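*Asks:* Need coordinates for the below:
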Amino acid sequence: MNWIMDSILLPTGVSNGGIKVHLGFFLSLMSIYNPVVKQVGIYLARSPGSRIVVNGHSLGGSMASLLVYFMTSLNQFPFTNYALVTSGQPRTGNVKYADYMNFLNIPMNRVVARADIAAHLFPVSALGVIDLLTGENYVHHGQEVWINGEEINFCSKTVYEDPNCSNSLGPLYTLLDHFQYFDADITVCYLVEGWLDIDLVTVEGFTPTNFLPPMPTVMRGILVGLVQGGYQGLLPVLG
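*Replies:* So this is what the prediction gives:
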């Protein structure tokens, strides 16, 4: 399901100011947005004045970015302090989205490990194909923190993407680096514990919820339509 959502490259407008974001990432966040905001409200009621730190890896990084966007642009909890830290985050929105996020006066770091290919998706330009298909090019926001071997590089804030940081390794990017952050091999979580349901790693005080976010309604309709009626099954969904 995550891979399907990642592949929906089309931009969708989220404001009257020309801000557009990756449709798949937007749908992924919307599938859990209400309960997340409700839970944040509960925490703030218990601990007024607390800072809300939002983080995520990969698709979760883009969802975290979008959550901060909506919480701040909709003034969801006035006077609340936010911080955003992502790892392996793909490009999430257009230039106007990046400008909005960069304008926020909050701590914001986008961590990239070595030559993680996900941080360079989706291409800013691939012979103009991405722009031709979507009508928008996606760019990163926030300060890149590039972990390259033993070095931790705090990259330039004056550009959307510092050419001297992880972008300098292109096009020699790799998927392997996407699954290894902060000395943790995330493939154990994804492949062994997630898909095979084998508990290899036990963290004291952490209880997995075994909760998968609900599939967005439109995507569910598309998948069901394909299974039940081929391309003709899509017609009711697409109008």
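
*Asks:* hey, let's count contacts and neighbours off CA atoms from now on
*Replies:* Will do.

*Asks:* so where do the strands sit in the chain?
*Replies:* 11-13, 20-22, 51-57, 81-87, 108-113, 143-148, 151-154, 180-181, 184-185 (DSSP state E).

*Asks:* looking at the ones you listed, which is buried most?
*Replies:* Comparing the strands of the chain by mean neighbour count (mean count of other Cα atoms under 10 Å), strand 20-22 ranks first with a mean of 26.

*Asks:* still on that earlier bit, which one of the strands of the chain lies nearest to Glu136?
*Replies:* strand 11-13 (7.0 Å; Cα to Cα).

*Asks:* Contact partners for the residue lying closest to Lys96 once chain neighbours are set aside?
*Replies:* For Lys96, ignoring the flanking residues on the chain, the nearest one in space by Cα to Cα, 6 or more residues apart in numbering is Ile19 at 5.2 Å. Listed by Cα atoms under 8 Å, 6 or more residues apart in numbering, the contact set of Ile19 reads Gly13, Gly93, Asn94, Val95, Lys96, Tyr97.

*Asks:* follow-up on the earlier one: just send the strands of the chain back as TSV, with mean pLDDT and distance to Ser168 too.
*Replies:* As requested, these are exported to TSV (pLDDT from 0 to 100; distance: least, Cα to Cα, whole Å):
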stretch	mean pLDDT	distance to Ser168
strand 11-13	86	27
strand 20-22	91	24
strand 51-57	93	22
strand 81-87	94	18
strand 108-113	94	12
strand 143-148	93	11
strand 151-154	92	13
strand 180-181	84	19
strand 184-185	71	24
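
*Asks:* got a markdown table for those, with distance to Ala119 too?
*Replies:* Output for those, formatted as a markdown table (distance: least, Cα to Cα, whole Å):
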| stretch | distance to Ala119 |
| --- | --- |
| strand 11-13 | 18 |
| strand 20-22 | 14 |
| strand 51-57 | 10 |
| strand 81-87 | 8 |
| strand 108-113 | 7 |
| strand 143-148 | 10 |
| strand 151-154 | 15 |
| strand 180-181 | 13 |
| strand 184-185 | 17 |
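
*Asks:* Tell me how far the residue nearest to Lys96 lies from Ala64.
*Replies:* Look at Ile19 and Ala64: by Cα to Cα, to the nearest Å, they are 17 Å apart.

*Asks:* Need the pLDDT of Leu127.
*Replies:* Leu127 is assigned 47 on the pLDDT scale.

*Asks:* And the contacts of Ile19, which is closest to Phe182?
*Replies:* When the contacts of Ile19 are ranked by distance to Phe182 (Cα to Cα), Gly93 comes first, at 25.9 Å.

*Asks:* residue contacts, the residue nearest the centre of the chain?
*Replies:* A centroid search over the chain (Cα atoms, centre = their mean) returns Ser62, at 1.3 Å, as the residue closest to the centre. Listed by Cα under 8 Å, 6+ apart, the contact set of Ser62 reads Phe25, Gly56, Thr86, Gln89, Pro90, Arg91, Thr92.

*Asks:* my guess is the last one contacts Leu23, does it?
*Replies:* Spelled out, it's Thr92. No: at 9.2 Å, Thr92 and Leu23 do not qualify as touching, with contact defined as Cα atoms under 8 Å.
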